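**Q** Quick one: sequence and predicted model below, then my questions.
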Amino acid sequence: MRAAAIDRPASAPAPFSEPLGAAAHLRCLGGIMWREALRFLHQRGRFVSALVRPLVWLFIFAAGFRSVLGVSIIPPYETYVLYEVYIAPGLMAMIQLFAGMQSSLAMVYDREMGNMRILLMSPFPRWYLLTSKLLAGVAVSVLQVYVFLLIAWFWEVEPPLLGYIAVLPALILSGLMLGALGLMLSSVIRQLENFAGVMNFVIFPMFFASSALYPLWRVQESSPILYDICRINPFTYAVELIRFALYGQLNVPALAVVTGCTALFLGVSVLAYDPGRGLMAMRGGRE
Amino acid sequence: MQDHVTAAEHASSSAGAVVALNVDNLSHAFGGRRVLDAVSLSVRQGRFCALLGLNGAGKTTLFSLITRLYHNTSGRIAVLGHDVRREPAEALRRLGVVFQSRTLDLELSISQNLAYHAALHGMSARDGRERAAAELERAGLVGRADEKVRTLSGGQMRRVEIARALLHRPRLLLLDEPTVGLDIAARADILARVRALSRDEGLGVLWATHLIDEIEAGDDVVILHEGRVLQHGVARDVIAGTGSAGLGAAFSKLTAGAPGTGEGDAGSSD
């Protein structure tokens, strides 16, 4: 029983002392993704409820507003589109917005419950661990989006086949941005640690003051101020990036904004989780 | 850097015993409240060192600093000669930790929990499986690898956490009040297992506790009180030095003389 132990003298250095190379980094990322996948399998109820929300919007809200809100021909659409078709990309982004906030809150909860401490005991750099954790959350939200797209197809939301592939990188990037945003908010703002607060102060304002539900030119007609708010809302750019990608087009300004915001949010999050920057220490002070 | 590190490690181990944990003149404050005040202590390889203190003495803060939850702003912490601030990866790779709160994923099986930890340390799936099998055998949980953690008793969960902490073959094992909430038999079992690790495998063990009866006369003991180290040495010497009959009496005598005692935390346990 002790055979494995006795072969090492007391002064031996750590047996796994080879440098942590690229393969080890990949194994770490793989392990984090795999755990997220396992947790996901154990929480199928959450997966279903996350799908119900956008579907309710699609089936009920869109049906009701279809006659009220006509959408003229605007890029990337080449014809008049049904209102359902217009809001589908916004609802895809909404799935990712909820997923990003939820997984980031779970990280805070994890941290307090101890799982986060296990993650942070890994010898890999913190930025790498946090990014891996975000990517794992994004993978689950992307899966949710594709299931949504599948159901929406039966509801006459029928983007070109190429769009289903082209939208994947857009979804990964926007998922990262929203996950990083959640991580940043949860690490900086203590009051946002319950989901109701996040709903009221982050998710609803971001979702409604964006191009998710109505085209920006329509917003501008009714309220120039709201238009300006929509234009500085990063969520608008996530929606537009997804919308254009879904129709096989690249919206360069949206890509630039989403990439920039991802870098910014992630940077702040990494700083917030840096043991030397005080935020952790401030939180530690509550113990 | 890797060469330099290994050489340094080698030099110090051939010169004598490289110290598993060295904490030097460490102070830490939250806001204006000073939690650790010029703490110095060391844990030698192959030694069981008890960190004895009441709740609120600063044990958990000390653990948080060693495990890099936050930086030490003063003083120095080194794990097997690797400064945790300057070489965090090297320090973390030689460090195994059992936290006070439960940190296993209850919905996953034992082997899934261990595999996750192995991946976090960059181990290959095969290495991870082999190490997990070896550690589960040591923990006496071989047949239960595929059971959900939720189904385990408190003592078994602790054994899994210890197995997990040992997975990457650390040379220093930190345990933060690992017997809290366990019954007497499970407590004795965990204690015996950890003592065996330091005795048979040369691990340095730092065992934080407020339970005096967990400490034997031959153990190293660090008495931490209100953020300051009052005594550091072999338990029997500490007892003799204070002219007490036992460690409990020695502890009372030492803490009675310390400034700021009697603020109401003396009676708290658990």
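**A** In hand now; what should we look at?
**Q** show me where pLDDT drops low in the chain?
**A** Since no chain was named, I'll use chain A. For chain A, the stretches flagged by pLDDT under 70 are A:1-18, A:67-71, A:108-114, A:189-195, A:275-287.
**Q** not what I meant, chain B
**A** Looking at chain B by pLDDT under 70, you get B:1-17, B:257-270.
**Q** ok, how many other residues are close to the residue in the stretch 1-150 of chain B positioned nearest to chain A?
**A** Chain A sits closest to B:A119 of the stretch 1-150 of chain B, with a gap of 2.1 Å, by C-beta to the nearest C-beta. Where C-beta positions appear, they are placed from N, C-alpha and C, glycine not excepted. B:A119 is flanked by 24 other residues according to other C-beta atoms under 10 Å in any protein chain shown.
**Q** so it, which of the three states?
**A** helix (DSSP: H, G, I helix; E, B strand; the rest coil).
**Q** now do A:V85
**A** A:V85 - assigned by three-state DSSP - is helix.
**Q** quick one, what contacts the residue lying closest to it once chain neighbours are set aside?
**A** Once flanking residues are discounted, A:V85 sits nearest to A:V157: 5.3 Å by C-beta to C-beta, 6 or more residues apart in numbering or on different chains. Applying C-beta atoms under 8 Å, 6 or more residues apart in numbering or on different chains, we find A:V157 in contact with A:58, A:84-85, A:88, A:149.
**Q** Quick check: of these, which has the highest neighbour count?
**A** Compared across these, A:A88 has the highest neighbour count, 29 neighbours, by other C-beta under 10 Å.
**Q** That residue: what's its closest spatial neighbour, skipping adjacent residues?
**A** Once flanking residues are discounted, A:A88 sits nearest to A:V157: 4.5 Å by C-beta to C-beta, 6+ apart.
**Q** Let me see the backbone angles for the one you found.
**A** For A:V157, the backbone dihedrals (degrees, to the nearest 10) come out as phi -90, psi 100.
**Q** just the helices in the stretch 51-200 of chain B please.
**A** Here the stretch 51-200 of chain B has its helices, by DSSP state H, counting those that start in this stretch, at B:59-66, B:88-93, B:110-120, B:125-139, B:154-166, B:184-201.
**Q** returning to what we had before: tell me which residues touch the residue of the stretch 1-150 of chain B closest to chain A, please.
**A** Contact partners of B:A119, counting by C-beta under 8 Å, 6+ apart, are A:27-28, A:30-32, A:34, B:125, B:128.
**Q** if I look at the nearest residue to it once chain neighbours are set aside, how far off is B:G181?
**A** Of all residues not flanking B:A119 in the chain, A:G31 sits nearest, at 2.1 Å (C-beta to C-beta, 6+ apart). Distance, A:G31 to B:G181, by C-beta to C-beta, to the nearest Å: 29 Å.
**Q** related to what we said a few turns ago, just give the number of residues close to the residue nearest to B:A119.
**A** Neighbours around A:G31, by other C-beta under 10 Å: 24.
**Q** tell me the secondary structure for it?
**A** When classified by three-state DSSP, A:G31 comes out as helix.
**Q** do the same with B:A38
**A** What three-state DSSP gives for B:A38 is strand.
**Q** Count the neighbours of it for me.
**A** The burial count for B:A38: 14, using other C-beta under 10 Å.
**Q** ok, it touching B:R228?
**A** Yes - counting by C-beta atoms under 8 Å, B:R228 is a contact partner of B:A38 at 7.1 Å.
**Q** show me what contacts the residue positioned nearest the centre of chain B?
**A** Geometric centre of chain B, nearest residue: B:L174, 1.8 Å, by C-alpha atoms, centre = their mean. Each residue near B:L174 by C-beta under 8 Å, 6+ apart is listed here: B:21, B:63, B:66-67, B:95-98, B:206, B:208.
**Q** ditto for B:D24
**A** Contacts for B:D24 (C-beta under 8 Å, 6+ apart) come out as B:40, B:75-78.
**Q** how much space between the residue located most distally from the centre of chain B and chain A?
**A** Distance to the chain centre peaks in chain B at B:G243, reaching 28.4 Å (criterion: C-alpha atoms, centre = their mean). Separation of B:G243 from chain A (C-beta to the nearest C-beta, to the nearest Å): 34 Å.
**Q** The closest residue to B:R195 other than its chain neighbours - how many residues pack around it?
**A** The shortest distance from B:R195 to any non-neighbouring residue, by C-beta to C-beta, 6+ apart, is to B:F48 (5.5 Å). Other residues lying near B:F48 total 26 when counted by other C-beta under 10 Å.
**Q** Equivalent analysis for A:L161, please.
**A** Neighbours of A:L161 using other C-beta under 10 Å come to 9.
**Q** what about it, distance to B:A89?
**A** If you measure A:L161 against B:A89 using C-beta to C-beta, the figure is 46 Å.
**Q** What of B:V234?
**A** Note on B:V234: its distance to B:A89, by C-beta to C-beta, is 33 Å.
**Q** cool, and B:R236?
**A** Noted for B:R236: a distance of 38 Å to B:A89, by C-beta to C-beta.
**Q** Can you tell me the closest non-neighbouring residue to the residue most central in space within chain A?
**A** For chain A, A:G175 is the residue whose C-alpha lies nearest the centre (C-alpha atoms, centre = their mean; 3.1 Å). Sequence neighbours aside, A:V138 is the residue nearest to A:G175 in space, at 3.6 Å (criterion: C-beta to C-beta, 6+ apart).
**Q** Let me see the contact set for A:S72.
**A** A:80, A:215.
**Q** Show me what the nearest residue to B:V97 once chain neighbours are set aside bridges to in the sheet.
**A** Distances taken as C-beta to C-beta, 6+ apart place B:L174 nearest to B:V97, at 4.7 Å, with adjacent residues excluded. As for beta bridges, B:L174 partners with B:V97, B:L206 under DSSP bridges.
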